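Visitor: sequence first, then the predicted structure, then my questions.
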Amino acid sequence: MSVRKLALITGSTSGIGLAIAEVFARNGLEVILHGLESIQEGEAIAQRFDTEFGHRPHYFQTDISQPEAIERLMERINEEVGAPTVVVNNAGIQFTSPVQDFPPQTWDKIIAINLSAAFHTSRLALPAMIDQGWGRIINISSVHGLVASVNKAAYCAAKHGLVGFTRVTALENAAKGITANCICPGWTDTPLLVDQLKEFAEQNNTSFEEAKRGLINAKAPYPEFVAPAEIGELALFLCSDAAKAITGTALPIDGGWTAH
């Protein structure tokens, strides 16, 4: 059976999400871009895709911290593009603080974007996947979905929760041609780490590049950041027929961090 591989990737205007979208487009999947950037900025990215990959994706600007906004987003996608058969829940935010000082509003927003949004996009995409007998849900968790670090209470809670949610989704849909998996990156060369690296450099009176090496060596034996495109290639594999029996997993791509 030929299935239209139409992939919604949340948070796909930069970092890991953009890299996944590029890998998908390069390999013939139809891509739906999402982010907070202006329509003009999003359309500029879509135009670049058209030039480089021969595919002009649709771009949707939505704040996915609210369930109602996600429902409107999915309705628009279904009406304007079609029902996604691949959903990559990638959008995420970060904030570091000890538990006793953690702002409650920030906790709520991290849980909403990093965890609850994945539930809402999945629940809204699943009926069409079930009807077609094929689907892929790929949740971008983190090494922090498998282990913890200090000052990252909300992020770790959300990413651990994402792993549990993924496993339940996999169990419920394993006989329906639908897989659900987590990818769990370690240190990845993305904008999300910039502030953390600057803080590390200041605290240790070192250069930005030395801070990168220090941060990596503190956790993982592999001496390099994970390239976002490598995460894209893993996501692409999970969309292939060769991965149809891979479901309910949390796949680390972490340079050996979780091997300790």
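Guide: Happy to help now that I have it.

Visitor: quick one, what contacts residue 8?
Guide: 32, 34, 77, 84, 86-88, 121, 125 (Cβ atoms under 8 Å, 6 or more residues apart in numbering). Glycine gets a C-beta too; all of them are placed from N, C-alpha and C.

Visitor: how close does it sit to residue 169?
Guide: 16 Å (Cβ to Cβ, to the nearest Å).

Visitor: what segments of the stretch 101-250 of the chain are helices?
Guide: Here the stretch 101-250 of the chain has its helices, by DSSP state H, counting those that start in this stretch, at 104-111, 117-132, 153-173, 194-203, 208-217, 228-238.

Visitor: how about those helices in a markdown table, adding mean neighbour count, distance to residue 63 and mean pLDDT?
Guide: As requested, the helices of the stretch 101-250 of the chain are exported to a markdown table (neighbours: other Cβ atoms under 10 Å; distance: least, Cβ to Cβ, whole Å; pLDDT from 0 to 100):
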| stretch | mean neighbour count | distance to residue 63 | mean pLDDT |
| --- | --- | --- | --- |
| helix 104-111 | 15 | 10 | 98 |
| helix 117-132 | 19 | 10 | 98 |
| helix 153-173 | 20 | 17 | 98 |
| helix 194-203 | 13 | 21 | 76 |
| helix 208-217 | 15 | 30 | 79 |
| helix 228-238 | 20 | 23 | 98 |
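
Visitor: so which of those comes closest to residue 61?
Guide: For the helices of the stretch 101-250 of the chain, the distance to residue 61 is smallest for helix 117-132, at 14.7 Å, taking Cβ to Cβ.

Visitor: quick one: contacts of the worst-scoring helix or strand of the chain on mean pLDDT?
Guide: Ranked by mean pLDDT, DSSP states H and E, the helix or strand of the chain with the weakest confidence is helix 194-203, at a mean of 76. Contacts with helix 194-203, where a contact means Cβ under 8 Å, 6+ apart, come from 94, 96, 206-208, 210-212, 214-215.

Visitor: which one is residue 150 nearest to, not counting chain neighbours?
Guide: Leaving aside its chain neighbours, residue 150 sits nearest to residue 98 (7.7 Å; criterion: Cβ to Cβ, 6 or more residues apart in numbering).

Visitor: next one: phi and psi at residue 246?
Guide: Per-residue torsions, residue 246: phi -90, psi 110 (degrees, to the nearest 10).

Visitor: what's the single longest strand in the protein?
Guide: The residue-count maximum for a strand in the chain (DSSP state E) belongs to strand 178-185.

Visitor: name every strand pairing with that strand and say which way it goes.
Guide: Sheet pairing for strand 178-185, assigned by DSSP bridges, gives strand 135-140 (parallel), strand 250-253 (parallel).

Visitor: now render those as JSON lines, adding distance to residue 53.
Guide: What follows is the strands paired with strand 178-185, written out as JSON lines (distance: least, Cβ to Cβ, whole Å):
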{"stretch": "strand 135-140", "distance to residue 53": "20"}
{"stretch": "strand 250-253", "distance to residue 53": "23"}
